[in-house]
Structures are given as C-alpha cells and as structure tokens.
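> got a sequence here, can you build the structure:
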Amino acid sequence: MVLKLLILRATLKEAFYHRETRSLFIGDSISMETGKPSLPPDRYNYDTELLKRSLKRLLDLDFENFFPGHGDPIIGGAGRIVKEFVYSF
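Below you'll find the predicted structure:
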C-alpha cells in the first residue's frame, strides 16, 4: 500500500491520500463533527487563510472516501462534498 503524504501547513498536520482506494485521510484539517465539512476553530491552527490555501491542494485529488479526525467518515461521494466545501472559500 502506498500513501501520498500532503502537508497542510497551517495546522502542522498531515493528510494522506491512498489512490488505489480513492481515500483521503485528513486528520484535523477538516472536521465532520456537525455532519458537514468545517474548518477547525482558529485556536487549533496558526493561520486560517494559510489552511484554506493548503486545502486547495485537495481539488487535484480523485477521492471518494474521506476520513476526518473528528466526525463520521464519508464512504462514497466524498470528493464532491469536500470539494464543494473547499471551493466555498
């Protein structure tokens, strides 16, 4: 299994992308605690605008499964949901 490492600088956290299963493991950079994607509170990252710019890197990935650090995963259709959220800022 090969995972592609993405560094999301504003949270000093990593995200991992597994191309074969089209899965994105995002950690704390995007939460699903409310049932929809949201950014972590400012106290958990040192630069919200930098985080937003870093998350734009997700737009180039082909993923259908999404595993956040908080909240339920999305199995199937995650690319559309997460990308709509990223396009919103």
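> could you list every residue that touches the residue nearest to residue 65 when sequence neighbours are not counted?
Counting by CB to CB, 6 or more residues apart in numbering, residue 65 lies nearest to residue 23, which is 4.1 Å off, once chain neighbours are set aside. Where you see a C-beta, it was placed from the backbone N, CA and C, and this is true even at glycine. Residue 23 sits next to 17, 63-67 when contact means CB atoms under 8 Å, 6 or more residues apart in numbering.
> kindly recompute the last result at 10 Å.
3, 16-17, 63-67, 73, 75, 78 (CB atoms under 10 Å, 6 or more residues apart in numbering).
> would you mind measuring from it to residue 37?
16 Å (CB to CB, to the nearest Å).
> what do you get for residue 69?
Relative to residue 37, residue 69 is positioned 12 Å away (CB to CB).
> give the buried residues for stretch 61-73.
Neighbour counts over stretch 61-73 (16 or more other CB atoms under 10 Å) mark 61, 63, 65-69, 71 as buried.
> could you pull up the mean pLDDT of that stretch?
Taken as a whole, stretch 61-73 has a mean pLDDT of 96.
> let's number from 20 now, not from 1
I'll keep to 20 as the first residue from here, and by that count the last item is stretch 80-92.
> how long is it end to end?
17 Å (CA to CA, to the nearest Å).
> and if you look at stretch 76-88?
Terminal-residue distance, stretch 76-88 (CA to CA): 18 Å.
> ditto for stretch 92-108
Span of stretch 92-108 from end to end, CA to CA: 22 Å.
> can you give me the offset of that stretch from its chain's centre?
Mean-position distance between stretch 92-108 and its chain equals 9 Å (CA atoms, centre = their mean, to the nearest Å).
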